[in-house]
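# Here is a sequence with its predicted model. Questions after.
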Amino acid sequence: VQLQAYGGGLVQAGGSLRLSCAASDRTFSSSYMGWFRQVPGKEREFVAFIRWSDGRTHYGDSVQGRFLISRDSAKNTVYLQMNSLKPEDTAVYYCAADPGTYEYTYWGQGTQVTVSS
């Protein structure tokens, strides 16, 4: 299965963007889907995850209260609504899926988010 992430772009500080991530196989089921981000030269950072069965969510400290992860089960798509964006949110954002193996096995190709000051 392939994950397709899109929705990145350039936005001013304080603005919003919504990222989407869809699985190529509509029958694919995952236990968790998450978002991560990475800046060149730095380690990948956890952003958020959502448990597919009940919608339980968890966020990284740096985005808590500003970002919202959600899912559309019918479309097998996960979203990341990013509000009050800051320049330090600039990164390549990746979606990932845990198919029940307790690790993120499938990864999307990444989408660039750039926040200007």
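Received it, and whenever you're ready, just let me know what you need.
# For the most centrally placed residue in the chain, identify the helix or strand it belongs to.
Nearest to the mean C-alpha position of the chain, counting by C-alpha atoms, centre = their mean, stands residue 35 at 2.9 Å. Element membership of residue 35 [criterion: DSSP states H and E] is strand 32-38.
# residues making contact with that strand?
19, 21, 44-52, 69, 71, 78, 80, 89, 91-98, 104, 110, 113 (C-beta atoms under 8 Å, 6 or more residues apart in numbering). No exception for glycine: its C-beta is placed from N, CA and C like everyone else's.
# same thing with stretch 43-57?
When contacts are defined by C-beta under 8 Å, 6+ apart, stretch 43-57 is touched by residues 29-38, 58-60, 62-63, 67, 69-71, 73, 78, 80, 91, 93-94.
# Output it in PDB, but only the C-alpha positions, please.
Only the C-alpha atoms of stretch 43-57 are listed here, as PDB (Å, rounded to 0.1, in the frame of the first residue of the first chain):
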ATOM      1  CA  GLU A  43      15.900  13.900  13.800                       C
ATOM      2  CA  ARG A  44      12.400  13.100  12.700                       C
ATOM      3  CA  GLU A  45       9.900  14.500  15.200                       C
ATOM      4  CA  PHE A  46       6.600  13.000  16.200                       C
ATOM      5  CA  VAL A  47       3.700  15.300  15.500                       C
ATOM      6  CA  ALA A  48       0.400  13.400  16.100                       C
ATOM      7  CA  PHE A  49      -1.300  10.100  15.800                       C
ATOM      8  CA  ILE A  50      -4.900   8.900  15.700                       C
ATOM      9  CA  ARG A  51      -6.100   5.400  16.600                       C
ATOM     10  CA  TRP A  52      -8.400   4.300  13.800                       C
ATOM     11  CA  SER A  53     -10.800   2.300  15.900                       C
ATOM     12  CA  ASP A  54     -12.000   5.000  18.200                       C
ATOM     13  CA  GLY A  55     -10.400   8.200  17.100                       C
ATOM     14  CA  ARG A  56      -8.100   8.600  20.200                       C
ATOM     15  CA  THR A  57      -5.400  11.100  19.500                       C
END
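# List the strands paired with the strand holding residue 35, with their directions.
strand 45-51 (antiparallel), strand 91-98 (antiparallel) (DSSP bridges).
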